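Novice: got a predicted model here, sequence first, then my questions.
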Amino acid sequence: MKPRVLQLFTSGINCDRELRFAFETAGAEVQEMHISELIQQPQALESCDVFAIPGGFTYGDDLGAGRVLALEVERYLTAPLRAMHERGGTIFGVCNGFQVLVKTGLLPAIPGVQVSLTWNASHRFECRWTRLRVEEPMGHILPPGSILHAVSAHAEGQIVLQNPEQDVPTLLEAGVIALRYCNAEGTITETWPDCPSGSRGAIAGLISQSGRILGLMPHPERNLSALHLPDRGRGAWGQGNDGIAFFLGLLAPYQARVRS
């Protein structure tokens, strides 16, 4: 029996096929459900290992990126999602899905720290390859200090904090910063273009203190082969296996359970 992924779908999601392919390539069985169907059948969450929200522009991002879907998830699915998480399940969101997790309060869930996402510092949509340094809290998925190469494709990807000088150290101490933008040498930077959004603390992804709620802005599901890379695997952007390594790490606890 393969690890089971329940992948959400609704109007405006457009990265669902890539995400499904990544999970299936990494060895998972993927079921897709529309938000309205899941609201009517929340018990579907009881039989999955991973709940995933793909990227896109849900409901046109008309009230802000991911805001409408976040309201639906918060109102109708908070209790079953928390129950799924408490029994050992993982909640994952990429790009628009990450925005949803932040705006529902599922991430970073640190008292006294208010986090949101807004327009990139460049005030435009940014679509470019980026380097993400893996931080210690995500070390159960990828080696700390390693670089995950992934495509950024967003307009509202800038992490903003109420008191950034105080809140970034608080988030670091709490162990909820999963990934940070870096340059080719692996040095953390908030400077464009290595950090396309201008996020405070160069934050590209957050993780819960349990390690089982994870979200990031860039798309690891778009880096599954050397053919996906801008240099076709010549080395500047890795060898094209970063995304697979990421999803294998995400599924590893459930693969181990299946084998046992």
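Specialist: That came through fine.
Novice: OK, contacts around the closest residue to Lys2 other than its chain neighbours?
Specialist: Distances taken as CB to CB, 6 or more residues apart in numbering place Glu29 nearest to Lys2, at 4.2 Å, with adjacent residues excluded. Any C-beta I mention is one placed from the backbone N, CA and C, and that applies to glycine too. Going by CB atoms under 8 Å, 6 or more residues apart in numbering, Glu29 touches Met1, Lys2, Pro3, Arg4, Val5.
Novice: now list the buried members of these.
Specialist: With neighbours counted using 16 or more other CB atoms under 10 Å, the contacts of Glu29 contain these buried positions: Lys2, Pro3, Arg4, Val5.
Novice: so which of the residues you listed are in strands?
Specialist: Judged by DSSP state E, strands contain the following of those: Arg4, Val5.
Novice: could you save the buried ones among the contacts of Glu29 as JSON lines and add columns showing distance to His154?
Specialist: Compiled in JSON lines, the buried ones among the contacts of Glu29 are given as follows (distance: CB to CB, whole Å):
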{"residue": "Lys2", "distance to His154": "31"}
{"residue": "Pro3", "distance to His154": "28"}
{"residue": "Arg4", "distance to His154": "28"}
{"residue": "Val5", "distance to His154": "23"}
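Novice: circling back: could you dump the contacts of Glu29 into CSV with distance to Ala150 and pLDDT added?
Specialist: CSV is the format used below for the contacts of Glu29 (distance: CB to CB, whole Å; pLDDT from 0 to 100):
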residue, distance to Ala150, pLDDT
Met1, 29, 84
Lys2, 24, 95
Pro3, 21, 97
Arg4, 24, 98
Val5, 19, 98
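Novice: show me the strands in the stretch 101-250 of the chain, by range?
Specialist: Assignment of strands within the stretch 101-250 of the chain using DSSP state E, counting those that start in this stretch yields the ranges 115-118, 126-134, 147-154, 158-161, 177-182, 203-207, 213-216.
Novice: no more questions from me, cheers.
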